[in-house]
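**Student:** using only what follows, build the 3D model:
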Amino acid sequence: MADEPLKASARRVQQAIEAAGFDFQVCEFPASTRSAEDAAVAIGCTVAQIAKSLIFRARESGAPVLVLASGANRVDEAALGALLGEPVGRAKPDFVREATGFAIGGVAPVGHTRPPTTFIDRDLMDLAEIWAAAGTPNAVFCLTPAQLCSITGGRVADIRQA
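**Tutor:** This is a model prediction of the structure:
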């Protein structure tokens with residue numbers, strides 16, 4: 001892990017964590033943590049323990065929807081749309097940056113420009129600890145599934161593609 005000060009986006013995530021009353025520490029790695037596979041290798045955990053952040057765009061309202069999914073899973077967009085009450089589609093990079101303030105590969109569960117509706121993959125609830133992106137393609141932080149629910153206010157749901 002790098003010993004230098006956090007990059008601005010990672011610092012914003014650290015501040016959001018602290019503002020929410022938690023003491024998780026954002027860690028920046030010299031290796032990429034952009035994909036779930038890269039993050040698992042850098043951290044030394046399983047791919048399933050990576051809470052990957054995926055931004056969808058509600059097709060009717062245009063609202064951002066954040067899905068925090070196990071790195072081992074793909075999201076069922078039809079199931080997500082049914083939970084939301086309107087169809088969703090994968091967000092384009094410009095929308096992700098505008099809605100969250102983060103680039104794809106570093107979208108954190110907290111610190112968004114516009115607070116999204118958040119859904120959490122039920123499969124994450126079976127793990128003792130998970131790792132989430134922290135604002136850059138090299139930054140992550142560790143927490144429990146219960147803490148992820150608390151800090152995001154996300155709704156736990158069955159959203160894994162069969």
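
**Student:** residue nearest the centroid of the protein?
**Tutor:** The geometric centre of the chain, computed from its C-alpha atoms, lies nearest to S53 (CA atoms, centre = their mean), at 2.8 Å.

**Student:** how about the nearest residue to that one, chain neighbours excluded?
**Tutor:** Here the nearest residue to S53 in space, its sequence neighbours aside, is V107; by CB to CB, 6 or more residues apart in numbering that works out to 4.0 Å. Using the backbone N, CA and C atoms, a C-beta is placed for each residue, glycine as well.

**Student:** so for the longest strand seen in the chain, mean pLDDT?
**Tutor:** Using DSSP state E, we find that the single longest strand of the chain is strand 50-58. The pLDDT scores in strand 50-58 average 98.

**Student:** dump that strand to PDB, restricted to CA.
**Tutor:** Extracted C-alpha coordinates of strand 50-58, given in PDB (Å, rounded to 0.1, in the frame of the first residue of the first chain):
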ATOM      1  CA  ILE A  50     -15.200  -7.500  -3.600                       C
ATOM      2  CA  ALA A  51     -18.300  -5.300  -3.400                       C
ATOM      3  CA  LYS A  52     -18.200  -4.000  -6.900                       C
ATOM      4  CA  SER A  53     -20.000  -0.700  -7.500                       C
ATOM      5  CA  LEU A  54     -22.100  -0.600 -10.700                       C
ATOM      6  CA  ILE A  55     -24.100   2.400 -11.700                       C
ATOM      7  CA  PHE A  56     -27.300   2.000 -13.700                       C
ATOM      8  CA  ARG A  57     -29.500   4.700 -15.100                       C
ATOM      9  CA  ALA A  58     -33.300   4.400 -14.600                       C
END
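
**Student:** strand partners of it, parallel vs antiparallel please.
**Tutor:** Strand pairing for strand 50-58, using DSSP bridges, gives strand 64-70 (antiparallel), strand 88-90 (antiparallel), strand 130-133 (parallel).

**Student:** show me what the closest residue in space to I43 that isn't next to it in sequence is bridged to.
**Tutor:** Nearest residue to I43 in three dimensions, chain neighbours excluded: W131, at 5.6 Å (CB to CB, 6+ apart). Note on W131: beta-bridge partners by DSSP bridges are I50, C142.

**Student:** noted, bye for now.
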